[in-house]
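Participant: Pasted the sequence and its predicted model underneath.
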Amino acid sequence: MTTSLVMEDSRTIAQVEDLAAKMLKRVGVRAKRLDRGRNSQVFVLESGGETPRHVVKFYFRHPADPRDRLETEFTSFSFLWGQGIASIPRPVAVNREGSCAIYELIEGDKILPADITTEDIKYAVNFLADLKRLNNTARSSPIAPASDACFSISAIVAGIERRLDRLTKIRPKGQEYEELGSFLREDFKPFLGILTQWAKEQCSRKRIFFDSEVSWEERTLSPSDFGFHNAIRARDQRIVFLDFEYFGWDDPSKMVVDFLLHPAMSLSESMKKCFARGMLDVFKENERLIDRIRVVYPLHGLKWCAILLNEFIPNDFSRRSFAAGNPLDPSQVRRQQLLKAKGLYRTIKETYQQNI
């Protein structure tokens with residue numbers, strides 16, 4: 001069951017229930033689609049009123065995308081759960097042929113940007129501190145670099161250039177594509193050149209190597225797509241972090257900046273400063289981290305502009321459609337994403353020379 005599982009209907013629900021029953025070794029399993037996730041399909045499973053309930057998550061696959069999201073998430077949750085990290089879903093069963101895994105259901109509510117508190121920020125900082133404490137243990141485990149990991153500043157620029165190249169090779173299919181092309185040619189690409197030169201100058205002043213990678217000792221375990229957009233406030237008020245499909249080793253500066261910039265959270269300035277102070281304390285032995293964060297912040301901001309435009313890439317749009325489970329209006333979605341990208345671009349361009 002791979003990318004063909006796109007539409008929810010009685011046949012598909014029956015497939016889900018049959019597969020889940022075999023994985024849980026139970027009878028009478030009932031499934032109900034859960035509105036969660038931008039890359040996957042999730043179903044709540046019930047079996048004769050038994051608790052705890054479970055969810056089964058179906059992962060997106062595509063020949064053009066080699067990332068094994070199922071393997072990364074299930075093995076990382078299994079590793080972390082084995083190390084006593086409980087602010088994540090408990091992994092229960094996996095079916096690699098079916099491209100799905102079952103986890104314990106976390107009963108709770110989504111965390112909306114307006115509901116985020118200072119205590120929540122500290123909870124997130126403490127969670128990442130717990131991951132950092134596992135670094136030595138994890139180095140003997142087969143954990144790969146996080147998806148889109150960047151261990152050098154030149155790697156960030158190269159990543160942006162790859163994303164730009166993908167977008168510029170798209171054949172226009174409507175007005176929104178013409179607007180995209182104009183934005184990339186007249187704004188994005190020229191500013192990338194300016195920002196790259198600025199980053200090199202900053203590196204020279206702060207004695208940071210533009211091309212050299214951070215050492216193994218400086219790297220940390222990162223969920224990669226981390227934040228309250230991928231979390232649930234459980235009934236007991238715990239925050240449980242979800243979606244570790246991109247988990248792995250990364251540069252701490254990227255992990256910090258991605259949290260601050262993530263478009264799905266819209267943190268206030270006071271919340272951002274609270275998080276940054278907390279993370280600098282967690283990595284206080286890394287005396288160059290604050291300077292590195294200041295250099296990479298606008299670069300990752302421009303990277304997020306490109307990520308917001310992924311919906312213009314046919315393969316990436318098919319992943320979003322897979323997760324939605326229902327047909328999407330491509331033109332409407334792409335126009336919305338272009339507006340978001342332009343908004344973030346303006347913010348980065350206006351503020352990149354200011355210290356965060």
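Facilitator: Arrived safely, thanks for sending. Numbering: from 1, shown residues only.

Participant: my read: Ala93 touches Leu24, true?
Facilitator: Yes - applying Cβ atoms under 8 Å, one finds Ala93 in contact with Leu24, separated by 6.6 Å. Yep, even glycine has a C-beta here, placed from its N, CA and C like the rest.

Participant: okay, and the common contacts of these two?
Facilitator: Common neighbours of Ala93 and Leu24 (criterion: Cβ atoms under 8 Å, 6 or more residues apart in numbering): Ile102.

Participant: Quickly find the element holding the spatially most central residue of the chain.
Facilitator: Taking Cα atoms, centre = their mean, the centroid of the chain lies closest to Asp225, which sits 2.1 Å from it. Here Asp225 is covered by no helix or strand, with elements defined by DSSP states H and E.

Participant: how about it, phi and psi?
Facilitator: Backbone geometry at Asp225, expressed as degrees, to the nearest 10, gives phi -100, psi 70.

Participant: May I ask which helix or strand encompasses the nearest residue to Leu131 once chain neighbours are set aside?
Facilitator: Counting by Cβ to Cβ, 6 or more residues apart in numbering, Leu131 lies nearest to Leu221, which is 4.3 Å off, once chain neighbours are set aside. Using DSSP H and E, Leu221 maps to strand 220-222.

Participant: Report the separation between Pro330 and Ser318.
Facilitator: Applying Cβ to Cβ, to the nearest Å, the value for Pro330 to Ser318 is 10 Å.

Participant: Which positions within stretch 202-221 qualify as buried?
Facilitator: By neighbour count on 16 or more other Cβ atoms under 10 Å, the buried set for stretch 202-221 is 202-203, 208, 210, 214, 218-221.

Participant: In this protein, what helix or strand scores lowest on average pLDDT?
Facilitator: Ranked by mean pLDDT, DSSP states H and E, the weakest helix or strand in the chain is helix 314-324, scoring a mean of 74.

Participant: and it, what other elements does it pack with?
Facilitator: Applying 3 or more Cβ pairs under 8 Å, 6 or more residues apart in numbering; DSSP states H and E, we find helix 314-324 packed against strand 40-47, helix 330-351.

Participant: Make TSV out of those and add distance to Ala64 and mean neighbour count.
Facilitator: Output for the helices and strands packed on helix 314-324, formatted as TSV (distance: least, Cβ to Cβ, whole Å; neighbours: other Cβ atoms under 10 Å):
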stretch	distance to Ala64	mean neighbour count
strand 40-47	17	20
helix 330-351	18	16
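
Participant: Reformat these as JSON lines; add distance to Ile232.
Facilitator: Listed next are the helices and strands packed on helix 314-324 as JSON lines, based on distance: least, Cβ to Cβ, whole Å:
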{"stretch": "strand 40-47", "distance to Ile232": "12"}
{"stretch": "helix 330-351", "distance to Ile232": "24"}
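
Participant: per-stretch mean pLDDT over the ones you listed, give me the minimum one.
Facilitator: Mean pLDDT is lowest for strand 40-47 among these, at a mean of 90.

Participant: Taking strand 40-47 as reference, get the angle to the helix or strand that that strand is followed by.
Facilitator: Downstream of strand 40-47, the next assigned helix or strand under DSSP H and E is strand 54-59. Between the axis of strand 54-59 and that of strand 40-47 there is an angle of 160 degrees, by axes from the mean of the first three to the mean of the last three Cα atoms, to 10 degrees.

Participant: who's in contact with strand 54-59?
Facilitator: Against strand 54-59 from outside (Cβ under 8 Å, 6+ apart): 1, 5, 16, 19-20, 23-24, 31, 34, 37, 39-45, 69-70, 73, 89, 92, 98-105, 245.

Participant: Mark which of those residues are part of helices, please.
Facilitator: Using DSSP state H, the subset of the contacts of strand 54-59 located in helices is 16, 19-20, 23-24, 69-70, 73.

Participant: still on that earlier bit, list the beta-bridge partners for the residue nearest to Leu131.
Facilitator: Leu221 has the following beta-bridge partners by DSSP bridges: Trp249.

Participant: who's in contact with it?
Facilitator: Neighbouring residues of Leu221 by Cβ under 8 Å, 6+ apart: 131-132, 134-135, 138, 143, 247-250.

Participant: Filter those residues down to just the buried residues.
Facilitator: 131-132, 134, 138, 143, 247-250.
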